[in-house]
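J.: below is the sequence, then the predicted model.
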Amino acid sequence: MTKPKMQTKCPCCGHALAEPVALSDDNMVHLSTNEQALFNLIKANGADGITCRAILERLFHTNRDGEPYSHNIVAVTAHNANVKIVAWGLKLVSTGGPGSVYRLVQL
């Protein structure tokens, strides 16, 4: 018999839960570490949003080889998060391009 997977962090805000919760609902949203960090950062900046450059500086410093990331990493991570958070009725939107501003909107 396999041991059930346990959730130790809140899927919305990422804070540690007092007690782990079993993941029995397959419809539950699970963001990756980078997706969760991006979601939290954009959510914290409110209606003003945050620029792609600021996101790169705060979240995506360098890759495993020590090289700087391209601005495309932000768009790809936002897209992957959007696929998952649409179930919550939310979306990360941007103005487009490397100088874009990202905001969290409710659908």
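T.: Thanks, I have it. Residues are numbered from 1 along each chain as shown.

J.: distance check, the most centrally placed residue in the chain against N82.
T.: Nearest residue to the geometric centre of the chain (CA atoms, centre = their mean): E35, 2.5 Å. The gap separating E35 from N82 is 9 Å, by CB to CB, to the nearest Å. For the C-beta atoms, the positions are set from N, CA and C on the backbone; glycine is no exception.

J.: now do the helices in the protein.
T.: 33-44, 52-58, 72-85 (DSSP state H).

J.: and the longest one, what does it pack against?
T.: For helix 72-85, the contact count by 3 or more CB pairs under 8 Å, 6 or more residues apart in numbering; DSSP states H and E identifies helix 33-44, helix 52-58, strand 90-94 as packing neighbours.

J.: same list (the ones you listed) but as TSV, adding mean pLDDT.
T.: TSV is the format used below for these (pLDDT from 0 to 100):
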stretch	mean pLDDT
helix 33-44	93
helix 52-58	92
strand 90-94	94
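
J.: among these, which comes closest to R64?
T.: helix 33-44 (13.1 Å; CB to CB).

J.: switch the helices and strands packed on helix 72-85 over to TSV; also include distance to M6.
T.: Shown next, in TSV, are those (distance: least, CB to CB, whole Å):
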stretch	distance to M6
helix 33-44	17
helix 52-58	29
strand 90-94	25
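
J.: which of these sits closest to G66?
T.: Closest among those, using CB to CB: helix 52-58, at 15.1 Å.

J.: who does M6 bridge with?
T.: A22 (DSSP bridges).

J.: could you report the neighbour count for it?
T.: 11 (other CB atoms under 10 Å).

J.: what about it, distance to E19?
T.: Distance from M6 to E19, by CB to CB: 9 Å.

J.: okay, the closest residue to I85 other than its chain neighbours: pLDDT?
T.: Leaving out its chain neighbours, the residue that sits closest to I85 by CB to CB, 6 or more residues apart in numbering is V29, at 6.4 Å. Looking at V29, its pLDDT is 73.

J.: please tell me I have it right and V29 contacts V83.
T.: No - assessed by CB atoms under 8 Å, V29 is found out of contact with V83, at 10.0 Å.
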